[in-house]
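Visitor: Here is the input, now give the coordinates:
(3 chains)
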Amino acid sequence: MKNSLLNRFVPKESKFFPLLNQLSQTVLNASELLIDSMNHDTPETWQEYYHKVKEAERKGDQITQQIFMELGQTFITPFDREDIHDLAFSIDDVTDRIHSASKRIAIYKPHAISDSGKELAVLIQQGASIICKAMDELETFSKNPSRLKDYCQKLHEIENHADEAYDLFIMQLFNEETDCIELIKTKEIMQELEKTTDAADHVGKLLRNIIVKYA
Amino acid sequence: MKNSLLNRFVPKESKFFPLLNQLSQTVLNASELLIDSMNHDTPETWQEYYHKVKEAERKGDQITQQIFMELGQTFITPFDREDIHDLAFSIDDVTDRIHSASKRIAIYKPHAISDSGKELAVLIQQGASIICKAMDELETFSKNPSRLKDYCQKLHEIENHADEAYDLFIMQLFNEETDCIELIKTKEIMQELEKTTDAADHVGKLLRNIIVKYA
Amino acid sequence: MKNSLLNRFVPKESKFFPLLNQLSQTVLNASELLIDSMNHDTPETWQEYYHKVKEAERKGDQITQQIFMELGQTFITPFDREDIHDLAFSIDDVTDRIHSASKRIAIYKPHAISDSGKELAVLIQQGASIICKAMDELETFSKNPSRLKDYCQKLHEIENHADEAYDLFIMQLFNEETDCIELIKTKEIMQELEKTTDAADHVGKLLRNIIVKYA
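Guide: Coordinates of the predicted model:
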C-alpha cells in the first residue's frame, strides 16, 4: 500500500516544491489565456477561451488535490503541513478567480471589454508571473530571503494598483452607463478581475509569514 | 467540570459520527424544503418556506457549534481534529447556501421560478442525499473505501451538471430578459443555487483527502 | 536574529492580548467612521471617509500580519496557535467588510443613504464595541467566563436584528424602487453592511469555542 508505515516516515520534502511549481504555472497559463481572450471581441471566441481556462482550472484543482493527499500521507514536510496546505489553496484560488472572470465574459457577452478590464488582466498576469518566480525561490529562500520578500512586496503593489484602477472605472461606469443590463455585466466582470489581484496578494501574505517562520 | 483532565482523555470517537449524521440530515431537510417551495408560486408561501429553511439553518449551526466544542474538549478523535472541523464546517456551508437561496426567493419575489432553477434544486437535493449516505459510511469506510469514493465522484458529477445548466440558463437570460430588475432577481437566485452544488462538491473533496489519509 | 532559538522559548503570551486589543480598536474606529460618513450626503465627503476607512483597514492588516508573524515565531502562546490565528483573522474581517461597504458608498454614489442603512451602521458599531470589550476580557476570562459569554450572545442578537432589518428593507426596495441602477447601488451597499454583522457574529462563535476549550 502506498502509505505503508515505513513509506510514511521516509522524507518526501522534495516533492512539494515541484507540485507548487506546477500549480503556479497553471495560474500563469490561465492568466495568459485571459489576456488573449480580451484581444478578441466575439462571444464565440470568448466561449472558446473560457473552455481553455476551464481546463487550466481543472488541472489546478487536480494538482491541489494531489498536494493535499501527499500532505495527508507524509509525516515529514519541509514546512508545517498547514502552511503548505494554505499556500496551495491560495495559489489555486487565483486560478479559480481567473476562471470565474473568464466565465462571466463568456456567458454575459458584454458589448466590449473596457481598457480598464484589459489593464486588470495584465496586472493579473504580472502577479501570476511573480507567484511562479516565488515558487522557484521557495526551496532555497532561507539562504537569501530578500528576493522572496521583494516578490511579496510586488504582489501587494499590484493589488493596490488594481484597486485604484477598479475604483476609478466603477465610478465612471456609474456616471456614464445608462444601460442597466450592460452595467451589470461590466461591473461583475470587473469585480471578479479585481478580486483576482486580491487573491494573488493573499499568496504574498502567506509567503511573508513563511519567511518569518523559517528564514 | 465537564472537561476535567480525566474526562478529556477518555476516548469519545463515537460521538462525532452521530453528530455529523445529524448535520447531514439537516442539509437534506433544507434541500427538500427548497424543492417544495419551488412547487409554489406565491410570495407568501415562499416566505413560509424561507422561515422553515431558516430553522434548519439554525439547527445546522447548533450542531456544528456542538461539534466544534466537542473537538475543543476531546484529546482523542477518530480523525485529526482539523479534518472533522473542516468536514463539519463544509457540510454546514451547504445548508447556509440553501438558506441564502431560499431567502433570495422570499425577499426578491421573482415573477416565477425557472425550470433551470428547479433543476438545480433537484441536483442540490441529490447532493444532500449523497452527503447523508457518505456520513453513514464514514465510521467504517476503511474496510471498503470504494463506496465512499463513489459518493465523492457523484458529488463532483452533480456539480459539473449544475455548472452546465447554470451557464446555459444565464446565457439565455442575458439574451432574452429585458426587464433589468427581473434579471437581477433571477441571476442572483441562480448564482446562489449553483454555489450550493459547489459547496456539496467541496464536501466530496474533503472526504477524498480523508480516504487517502485514513484508508 | 529576532527568532533565535533561545528567544523562541521565552514565553511571550502577554503580547497577543495587546495586539488583539489594538485590532479590535481598529474595527471600532472604522465603524465610527462609517456612521459619521452616513451623516453626510455628498459624494465628496463619502470619498474622504472612504480614504479614512481605508487607512483603518490597512492598519488592521498590519496588526493582523504582526499577530501571524508572532505566532510563527512563538512556541508558547496563551491559547492554541490556530485559535489566535482564526480570532485575529475574523476580527480583521469585520474591518474589511466595513471598508468594502464604505468603498461602495464612495464609488457608487447612491442618491441617499436609507434609514435602514444607518440602522445597520449603528448595529455594526455596537458589535465593534462589544468585540473591544471581549478583547479586554480575554486574558482573564477563565476566572469568570459569564461576561465573555454575554458578549457572544449580544453579537448574535445584533446579527439577528440586522438580518431582519435587511430582509424588510430589501423587500421594500424591490417593491418600490423602479430605477434599476439605483436599486443595484442600494442593494449592494446593504448586502455588505449585513455581511459585516455576520462577520462580527462569527467572532462571537470563535470566542464561544475558546470559552469551552479553556474555561
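
Visitor: And the contacts of stretch A:193-202?
Guide: Residues from elsewhere that reach stretch A:193-202 (C-beta atoms under 8 Å, 6 or more residues apart in numbering or on different chains): A:90, A:93-94, A:96-98, A:101, A:117, A:120-121, A:123-124, A:127-128, A:130-131, A:155-156, A:158-159, A:162-163, A:166. (C-beta placed from N, C-alpha, C; glycine too.)

Visitor: Helices of chain A, start to end?
Guide: Taking DSSP state H, the helices of chain A run over residues A:5-9, A:16-38, A:43-73, A:81-108, A:115-138, A:146-176, A:180-214.

Visitor: What is the neighbour count of A:Lys143?
Guide: For A:Lys143, the neighbour count with other C-beta atoms under 10 Å in any protein chain shown is 8.

Visitor: Could you save the helices of chain A as a markdown table and add columns showing mean neighbour count and mean pLDDT?
Guide: Formatted as a markdown table, those follow (neighbours: other C-beta atoms under 10 Å in any protein chain shown; pLDDT from 0 to 100):
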| stretch | mean neighbour count | mean pLDDT |
| --- | --- | --- |
| helix A:5-9 | 11 | 50 |
| helix A:16-38 | 21 | 97 |
| helix A:43-73 | 18 | 94 |
| helix A:81-108 | 22 | 96 |
| helix A:115-138 | 21 | 97 |
| helix A:146-176 | 17 | 96 |
| helix A:180-214 | 21 | 95 |
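
Visitor: Now chain A against chain C: closest residue?
Guide: A:Lys213 (3.5 Å; C-beta to the nearest C-beta).

Visitor: mind listing what that residue touches?
Guide: Counting by C-beta under 8 Å, 6+ apart, A:Lys213 touches A:79-80, A:83, C:72-73.

Visitor: Spell out which residues of chain A are next to chain C.
Guide: Proximity of chain A to chain C, by C-beta under 8 Å from any C-beta of the partner chain, involves residues A:82, A:167, A:170-171, A:174, A:177-178, A:180, A:183-184, A:187, A:205, A:208-210, A:212-213.

Visitor: most centrally placed residue in chain A?
Guide: Closest to where the C-alpha atoms of chain A average out (C-alpha atoms, centre = their mean) is A:Val94, at 2.3 Å.

Visitor: That residue and A:Gln125 touch, don't they?
Guide: No - A:Val94 is beyond contact range of A:Gln125, at 11.0 Å (criterion: C-beta atoms under 8 Å).

Visitor: For chain A, what lies in contact range of chain B?
Guide: Chain A comes close to chain B at residues A:3, A:65, A:68-69, A:72-73, A:82, A:103, A:106-109, A:180-181, A:184-185, as judged by C-beta under 8 Å from any C-beta.

Visitor: which other residues reach stretch A:138-148?
Guide: With contact meaning C-beta under 8 Å, 6+ apart, stretch A:138-148 is reached by A:17, A:20, A:78, A:134, A:137, A:207, A:210-211, A:214-215.

Visitor: Let me see the contact set for the closest residue to A:Leu168 other than its chain neighbours.
Guide: Nearest non-adjacent residue to A:Leu168, counting by C-beta to C-beta, 6 or more residues apart in numbering or on different chains: A:Ser116, 7.5 Å away. Counting by C-beta under 8 Å, 6+ apart, A:Ser116 touches A:165-166, A:168-169, A:190.

Visitor: ok, which pair from those residues is furthest apart?
Guide: Using C-beta to C-beta, these span at most 10.8 Å, a distance reached by A:Leu168 and A:Met190.

Visitor: Now for the residue of chain A found nearest chain B: which residues touch it?
Guide: Chain B sits closest to A:Gly72 of chain A, with a gap of 3.5 Å, by C-beta to the nearest C-beta. Taking C-beta under 8 Å, 6+ apart, we find A:Gly72 in contact with B:209-210, B:212-213.
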